[in-house]
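Asks: pasting the sequence and the predicted model now:
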2 protein chains.
Amino acid sequence: MARAATTADTFNAVAEPRRREILDALAQRERPVNELVEILGLAQPHVSRHLRVLREVGAVDVRDEGRQRVYRLNPQALKPIHDWVASYQHLWEERFDLLEDVLEDLKEQEN
Amino acid sequence: MARAATTADTFNAVAEPRRREILDALAQRERPVNELVEILGLAQPHVSRHLRVLREVGAVDVRDEGRQRVYRLNPQALKPIHDWVASYQHLWEERFDLLEDVLEDLKEQEN
DNA sequence: AAATTATATACCCATATGGATATGCATTGG
DNA sequence: CCAATGCATATCCATATGGGTATATAATTT
């Protein structure tokens, strides 16, 4: 079956470095395709394909503006990812707390 | 060039639903492979391969325990992902604020 | 209407993937 | 020492991928 289709979910869509670059660029402001082509240094068809994937998972919206197509970030699409990682956050922070506790104990023993 | 190797970074490693399941299972407690096989309902070789990917990006650690290999979550590995999405958080929250503003305006107009 | 600009899509290719199955390799138990 | 257990690895396959290049489509300019 190979890997799940990239269009299936946001996790896959965002696993592509180029697509993260696109999102980063759109986080600053909305942009037409050719501006993204410039920024990424990729061929235009590839940018369009990445944009399509991002569209399909709802990470970006498009708007026709004359003969340009202006892409805009839809940040909400990233929330599921945020929620998932956030559920792990306390785990690495706990570990940090443990380290602090140990340092605290060492300090007390010194006195 | 096909997609970047899954072993390349944590984003790709975590893009696989099965691997997220593994991490979720390990978030509760460390587990030997056969326990993960049970939980995922996947063939053992596949679980081992997913574990290898997770190991290579540092998302899990292994420990030999008799003839078992006990896997443990390494939550820190997820921090880069957290940091990346977190940088977008204010964007979807801002939008929420805008919505609140609009509702506020509507309410005032009613009065 | 023709030429140009801005995108999207179609097709080709090499490669990476995940699942299936078979096998190798330790460690432990009899 | 041999069988059993617990994993890891190798090989095979169908499919999805991303990049390259060519082409289709739509809007604008001349």
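Replies: On my side now, so go ahead.
Asks: the strands in chain A, which residues?
Replies: A:31-32, A:60-65, A:68-73 (DSSP state E).
Asks: DNA strand C contacts on chain A?
Replies: By Cβ under 7 Å from any atom of the strand, the residues of chain A that approach DNA strand C are A:1-4, A:32-34, A:37, A:44-45, A:47-49, A:51-52, A:62, A:67-70. (C-beta placed from N, C-alpha, C; glycine too.)
Asks: now which of these would you call buried?
Replies: A:32-33, A:37, A:47, A:51, A:62, A:70 (16 or more other Cβ atoms under 10 Å in any protein chain shown).
Asks: out of the residues you listed, what pair is the most spread apart?
Replies: A:Val37 and A:Val62 (15.1 Å; Cβ to Cβ).
Asks: quick one, helices of chain A?
Replies: A:10-15, A:17-28, A:33-40, A:44-56, A:79-110 (DSSP state H).
Asks: so where's chain A uncertain?
Replies: Chain A contains residues with pLDDT under 70 at A:1-8, A:95-100, A:111.
Asks: just to revisit the earlier point, JSON lines please, covering the helices of chain A and showing distance to B:Asn74.
Replies: Output for the helices of chain A, formatted as JSON lines (distance: least, Cβ to Cβ, whole Å):
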{"stretch": "helix A:10-15", "distance to B:Asn74": "19"}
{"stretch": "helix A:17-28", "distance to B:Asn74": "22"}
{"stretch": "helix A:33-40", "distance to B:Asn74": "32"}
{"stretch": "helix A:44-56", "distance to B:Asn74": "30"}
{"stretch": "helix A:79-110", "distance to B:Asn74": "9"}
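Asks: looking at these, which one is packed in the most?
Replies: Of the helices of chain A, the one with the most neighbours on average (mean count of other Cβ atoms under 10 Å in any protein chain shown) is helix A:10-15, at a mean of 23.
Asks: name the helices or strands packed onto that one?
Replies: Using 3 or more Cβ pairs under 8 Å, 6 or more residues apart in numbering or on different chains; DSSP states H and E, the elements in contact with helix A:10-15 are helix A:17-28, helix A:44-56, helix A:79-110, helix B:10-15.
Asks: apply 10 Å and report the result again.
Replies: For helix A:10-15, the packing partners by 3 or more Cβ pairs under 10 Å, 6 or more residues apart in numbering or on different chains; DSSP states H and E come out as helix A:17-28, helix A:44-56, helix A:79-110, helix B:10-15, helix B:17-28, helix B:79-110.
Asks: out of the ones you listed, nearest to B:Val57?
Replies: helix B:10-15 (4.4 Å).
Asks: anything in the closest one near DNA strand D?
Replies: No. Helix B:10-15 stays clear of DNA strand D (Cβ under 7 Å from any atom of the strand), getting no nearer than 10.0 Å.
Asks: if we can go back for a sec, now the strands of chain A in JSON lines, with distance to B:Arg20?
Replies: Shown next, in JSON lines, are the strands of chain A (distance: least, Cβ to Cβ, whole Å):
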{"stretch": "strand A:31-32", "distance to B:Arg20": "31"}
{"stretch": "strand A:60-65", "distance to B:Arg20": "23"}
{"stretch": "strand A:68-73", "distance to B:Arg20": "24"}
